[in-house]
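Peer 1: sequence first, predicted coordinates after that:
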Amino acid sequence: MVAKTAASERHAAERREQTKMVPLPSDSIVPERDVDKRPVLECRHLGIDFGGLHAVEDFNFTVGKTEIAGLIGPNGAGKTTVFNLLTKVYQPTRGSIMLDGTDMAGLDIAGASKLGIARTFQNIRLFSPLTVEDNVRIGLHNQIKEGLWSSIFRLPAFWGAEKRMHEEALQLLDFFDMGVYANHVAGSLPYGAQRRLEIVRALATHPKLLLLDEPAAGMNPSETAELMDNIRRIRDEFQIAVMLIEHDMDLVMGICEGIAVLNYGKIIAKGTPEQIQSNPQVIEAYLGKQDEEA
């Protein structure tokens, strides 16, 4: 699964020309363009137990301000559990999470969203009966500043906020060439468009860090190539970091700058795509230990 293909080698060559990863004093690496900026995410000794099971143990990972980072590993390694910790679905048993320099201790899901972390899910979660625009407007809830009375009595401030949300929702949809679907029912969209809509809704919260949980699941090669372009566009246009869980190794090796490999809840390797592809522990985790020849 980690073997190089012609496509991944080409993407790796393109990436080497664009991105240089440099070490930090914390024994992490970030893109050279982010070295003078505060990391958007710093996890230190993060862990969670479910009864006697150490689901995640001593998770240490740093993501640069505008980095596209990857979290990979075999099924059941604990990747989605890490995302649930970062978004405060779960509260950690130990360790700390810093988002753009702010400790997330004690925050709930809503607090994490307001602080600047957003996600998509492995299984698409949309408000299917609502329109595409309404799904995006729900994501804009962090930006609503109008009070209760303004909303109840439909004061001018309320209508001004409604107009701003409508315009921003359409701008976000147009960014993904989805403006024509604004009045369509979300559940009626093709699979790939539903995937894009979930990303648009997450972007509507104005995140500093966007978490994508298996964004290429169920996509064909052309849709996956489009997704890779969209992730780069998101990073460049919104100047935010993206962290993704993915099993498509061509996508991971072609787009990620720093990668952590999780196995049985522990990080077994961190580095650039080139370093990860040649790491014996990673190969063993995916392919199993090979018998030595006599």
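Peer 2: Alright, I've got the coordinates.

Peer 1: so what's the gap between the longest helix seen in the chain and the chain middle?
Peer 2: Longest helix in the chain by number of residues, with DSSP state H as the criterion: helix 156-175. Relative to the mean C-alpha coordinate of its chain, helix 156-175 is positioned 25 Å out (Cα atoms, centre = their mean, to the nearest Å).

Peer 1: again with stretch 250-270
Peer 2: For stretch 250-270 - counting by Cα atoms, centre = their mean - the centre lies 13 Å from the chain centre.

Peer 1: mind listing what's buried in it?
Peer 2: 250-263, 265-270 (16 or more other Cβ atoms under 10 Å). Bear in mind the C-beta positions are built from the backbone N, C-alpha and C, glycine included.

Peer 1: cool, stretch 87-98 as well?
Peer 2: When burial is assessed from 16+ other Cβ under 10 Å, stretch 87-98 yields the following buried residues: 87, 88, 90, 92, 95, 97, 98.

Peer 1: pick out the most distant pair among these.
Peer 2: 90 and 98 (17.1 Å; Cβ to Cβ).

Peer 1: please report the distance of residue 109 from residue 212.
Peer 2: Using Cβ to Cβ, to the nearest Å, residue 109 is found at 17 Å from residue 212.

Peer 1: and those two? which has more neighbours close in?
Peer 2: When residue 109 and residue 212 are compared on other Cβ atoms under 10 Å, the one with more neighbours turns out to be residue 212, at 26 against 12.

Peer 1: you'd agree the more buried one is up against residue 242?
Peer 2: Yes - counting by Cβ atoms under 8 Å, a contact exists between residue 212 and residue 242, whose distance comes to 6.5 Å.

Peer 1: for residue 237, which residues are in contact?
Peer 2: Contacts for residue 237 were tallied using Cβ atoms under 8 Å, 6 or more residues apart in numbering; they are residue 175.

Peer 1: quick one: buried residues of the helix or strand hosting it?
Peer 2: With secondary structure defined by DSSP states H and E, residue 237 is part of helix 221-238. By neighbour count, and taking 16+ other Cβ under 10 Å as the criterion, the buried residues in helix 221-238 are 223, 224, 225, 226, 227, 228, 230, 231, 234, 235, 238.

Peer 1: next one: that helix to chain centre, how far?
Peer 2: With Cα atoms, centre = their mean as the basis, the mean position of helix 221-238 lies at 13 Å from the chain mean.

Peer 1: pull the CA atoms of that helix into PDB?
Peer 2: Output in PDB follows, covering the C-alpha atoms of helix 221-238 (Å, rounded to 0.1, in the frame of the first residue of the first chain):
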ATOM      1  CA  PRO A 221      -9.700   8.800  -9.900                       C
ATOM      2  CA  SER A 222     -10.900  11.900 -11.700                       C
ATOM      3  CA  GLU A 223     -12.900  13.000  -8.600                       C
ATOM      4  CA  THR A 224      -9.800  12.300  -6.400                       C
ATOM      5  CA  ALA A 225      -7.600  14.400  -8.700                       C
ATOM      6  CA  GLU A 226     -10.100  17.300  -8.400                       C
ATOM      7  CA  LEU A 227     -10.200  16.900  -4.700                       C
ATOM      8  CA  MET A 228      -6.400  17.200  -4.500                       C
ATOM      9  CA  ASP A 229      -6.600  20.500  -6.500                       C
ATOM     10  CA  ASN A 230      -9.400  21.800  -4.200                       C
ATOM     11  CA  ILE A 231      -7.400  21.100  -1.100                       C
ATOM     12  CA  ARG A 232      -4.400  23.000  -2.400                       C
ATOM     13  CA  ARG A 233      -6.800  25.800  -3.400                       C
ATOM     14  CA  ILE A 234      -8.300  25.900   0.100                       C
ATOM     15  CA  ARG A 235      -4.800  26.200   1.600                       C
ATOM     16  CA  ASP A 236      -3.700  28.900  -0.800                       C
ATOM     17  CA  GLU A 237      -7.000  30.900  -0.900                       C
ATOM     18  CA  PHE A 238      -8.000  30.800   2.800                       C
END
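
Peer 1: of all residues in this structure, which one is nearest the centre?
Peer 2: By Cα atoms, centre = their mean, the chain has its centre lying nearest to residue 211, at 1.8 Å.

Peer 1: within its sheet, name the partner strands of the helix or strand that that one is a member of and how each one runs.
Peer 2: Taking DSSP H and E as the criterion, the element that holds residue 211 is strand 209-213. Its sheet considered, strand 209-213 pairs with strand 117-119 (parallel), strand 241-245 (parallel) by DSSP bridges.
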